[in-house]
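Undergrad: Take a look and give me a structure for this.
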Amino acid sequence: MKYAWSILPEEWKPILVERGLRAFRADQILQSLYRDYISSWDEATTLPKDFREDLKREFPITEAKLLETSESEDGTKKLLIGFADGNSVETVLIPATGRFTQCISTQVGCAMGCAFCASGSRGVVRSLTADEIVAEYLIGRKFGEITNIVVMGMGEPFANYEETMRALKLINAGKGPNLGARHITISTCGVVPGFKKLAAEGIQFELSVSLHAPNDALRSELMPVNRKWGIDELLETCAEYTTKTKRIITFEYTIIKDVNDSRACAEELARRVKRVPMAKVNLIPLSPVDHRPDFKTPDEKTLLMFLDVLMKNKIQTMLRRSRGKDANAACGQLRLRHIDKV
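TA: Sure thing, here's the model as predicted:
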């Protein structure tokens with residue numbers, strides 16, 4: 001059985017013909033799914049009733065429910081989405097002038113175990129299927145027209161590569177939601193084999209890498225993935241990726257008070273990043289998480305010092321302000337709160 005939201009637009013006609021169904025209905029199906037945004041085949045009233053029954057049997061629409069919404073004073077919304085097996089994931093909607101960004105998850109939980117991330121504090125349950133990832137997008141779209149997607153929610157996208165790419169290709173497809181590739185950013189914690197796969201796709205998705213430390217000793221402490229793919233191998237792979245694709249890589253660096261926020265860390269980070277052509281850095285003040293009360297957000301003076309060091313080293317850098325702190329917006333917190341209540 002194939003779920004409707006996992007089928008790429010170009011696959012519909014041959015699938016229908018193979019099952020003895022009428023090929024010209026493919027365009028009507030796509031209209032219903034991605035222009036009318038139906039959540040049940042019963043809503044596809046442009047299709048004959050008997051054909052809708054065929055679609056229900058052969059290509060069901062994924063069961064996904066909005067379980068909970070948490071909204072911040074700054075307009076950020078965190079949605080908890082539940083699936084048929086009882087598992088749930090988070091997606092976050094972030095409004096800004098001229099943009100409405102959705103942060104999407106690719107796994108239930110995460111196996112990477114980054115020290116400051118609530119998603120990985122209880123491990124990974126399972127990966128999402130492509131149709132479940134698309135369901136996140138479609139539920140988020142009910143709150144407004146999505147202009148950008150960042151695959152920075154729960155899970156490691158490169159650990160669920162095939163399903164994640166199928167979902168993103170569908171969201172990018174002209175006869176699908178038609179969101180431009182350059183408006184879709186994939187974030188990895190540094191799963192090196194995924195870089196070559198993505199480079200070979202030939203699609204202009206943006207790529208960001210969670211770095212969070214300037215050396216192996218500190219990064220291995222914060223991010224266990226570094227014990228498998230150390231920082232030298234990671235940065236060499238990033239350099240190869242930018243050379244092959246001519247695409248910028250963004251390094252994400254979460255600043256944690258008295259952990260990775262020193263001037264020495266900033267200077268070492270600048271030296272490291274210079275090894276990668278076409279690179280930029282996003283500095284992110286830590287959003288505190290319940291399972292690590294010892295991790296604190298640095299003060300403004302420290303944040304500006306860190307920014308100044310990188311910019312003086314001619315590193316393209318942005319200091320991002322945390323959004324949605326009062327909406328449990330640190331990744332994974334809303335899901336954990338929901339689990340603990342059940």
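Undergrad: Tell me which other helices or strands the helix ranked longest in the chain touches.
TA: Taking DSSP state H as the criterion, the chain has its longest helix at helix 231-245. Applying 3 or more C-beta pairs under 8 Å, 6 or more residues apart in numbering; DSSP states H and E, one finds that helix 231-245 contacts helix 193-201, strand 206-210, helix 216-222, strand 249-255. Bear in mind the C-beta positions are built from the backbone N, C-alpha and C, glycine included.
Undergrad: at 6 Å what do you get?
TA: helix 193-201 (3 or more C-beta pairs under 6 Å, 6 or more residues apart in numbering; DSSP states H and E).
Undergrad: roughly how far out does the helix it packs on sit from the chain middle?
TA: Remark: helix 193-201 is offset 17 Å from the chain centroid, using C-alpha atoms, centre = their mean, to the nearest Å.
Undergrad: Give me the buried positions along the longest helix of the chain.
TA: The neighbour-count check on helix 231-245 (16 or more other C-beta atoms under 10 Å) flags 231, 234, 235, 237, 238, 239, 241, 242, 245 as buried.
Undergrad: Now the fifth one. Nearest residue, chain neighbours left out?
TA: Meaning residue 238. Leaving aside its sequence neighbours, residue 238 sits nearest to residue 276 (C-beta to C-beta, 6 or more residues apart in numbering; 4.8 Å).
Undergrad: I'd like the distance from that neighbour to residue 23, if you could.
TA: Separation of residue 276 from residue 23 (C-beta to C-beta, to the nearest Å): 47 Å.
Undergrad: same deal with residue 143?
TA: With distances taken as C-beta to C-beta, residue 143 is found 35 Å from residue 23.
Undergrad: quick one on the thing from earlier: now distance to residue 175 and pLDDT too, for the buried residues of helix 231-245, in TSV please.
TA: Formatted as TSV, the buried residues of helix 231-245 follow (distance: C-beta to C-beta, whole Å; pLDDT from 0 to 100):
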residue	distance to residue 175	pLDDT
231	42	97
234	37	98
235	39	98
237	34	98
238	34	98
239	36	97
241	29	97
242	31	97
245	25	96
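Undergrad: just those residues now: which is nearest residue 39?
TA: Nearest to residue 39, judged by C-beta to C-beta, of the buried residues of helix 231-245 is residue 245 at 36.1 Å.
Undergrad: From residue 299, how far off is the residue nearest to the closest one when sequence neighbours are not counted?
TA: Residue nearest to residue 245 in three dimensions, not counting chain neighbours: residue 199, with 5.3 Å by C-beta to C-beta, 6+ apart. Residue 199 sits 40 Å away from residue 299, going by C-beta to C-beta.
Undergrad: what about these two, which has more around it?
TA: Neighbour count, other C-beta atoms under 10 Å: between residue 199 and residue 299, residue 199 has more, with 18 against 12.
Undergrad: contacting residues around the more buried one?
TA: Contacts for residue 199 (C-beta atoms under 6 Å, 6 or more residues apart in numbering) come out as 241, 244, 245.
Undergrad: pretty sure the first one is touching residue 195, no?
TA: Yes. With contact taken as C-beta atoms under 6 Å, residue 241 and residue 195 are classed as touching, separated by 4.8 Å.
Undergrad: Which stretches in the stretch 1-150 of the chain count as strands?
TA: Per DSSP state E, counting those that start in this stretch, the stretch 1-150 of the chain carries strands over the ranges 64-71, 77-83, 88-96, 99-103, 107-109, 124-127, 148-151.
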